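> No sequence on hand, only this structure:
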């Protein structure tokens, strides 16, 4: 988020100084790419944690072997 803001500030200053603003444009694009990746990662983490909690909600505490061979520990 800070990279996006600083990229816009740098682009504004570059344009007013008459200097090439390519590095600031790259910073803005990369900032948005990393922001999107972060949002996607958070969504995947929350959905995975939610499904795991939902699976354990209907079970007694203990260890369970899932159909694919993985072990699930509910406590």
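Perfect, thanks for sending it. Because the structure is a prediction, the values reported are computed rather than measured.
> would residue 30 count as being in a strand?
No: with DSSP: H, G, I helix; E, B strand; the rest coil as the criterion, residue 30 is helix rather than part of a strand.
> Next up, the contacts around it.
Applying C-beta atoms under 8 Å, 6 or more residues apart in numbering to residue 30 gives the contacts residue 3. Every residue, glycine included, has its C-beta placed from N, CA and C.
> swap in residue 55?
So residue 55 contacts 72, 74 (C-beta under 8 Å, 6+ apart).
> 10 Å instead?
Residues in contact with residue 55, defined by C-beta atoms under 10 Å, 6 or more residues apart in numbering, are 64, 66, 72, 74.
> Which secondary structure state does it sit in?
Looking at residue 55 with three-state DSSP, the answer is helix.
> For this protein, which element, helix or strand, carries the lowest mean pLDDT?
strand 71-74 (a mean of 88; mean pLDDT, DSSP states H and E).
> list the helices and strands it packs on?
helix 22-57, strand 62-65 (3 or more C-beta pairs under 10 Å, 6 or more residues apart in numbering; DSSP states H and E).
> got these as JSON lines, with mean pLDDT and distance to residue 2 columns?
Output for the helices and strands packed on strand 71-74, formatted as JSON lines (pLDDT from 0 to 100; distance: least, C-beta to C-beta, whole Å):
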{"stretch": "helix 22-57", "mean pLDDT": "93", "distance to residue 2": "8"}
{"stretch": "strand 62-65", "mean pLDDT": "91", "distance to residue 2": "43"}
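> Report the beta-bridge partners for the spatially closest residue to residue 59 that is not a sequence neighbour.
In space, and not counting its chain neighbours, residue 59 is closest to residue 74: 5.0 Å by C-beta to C-beta, 6 or more residues apart in numbering. Taking DSSP bridges, one finds residue 62 as the beta-bridge partners of residue 74.
> Does residue 74 touch residue 66 like I think?
No: Residue 74 lies out of contact with residue 66 (C-beta atoms under 10 Å); the separation is 11.7 Å.
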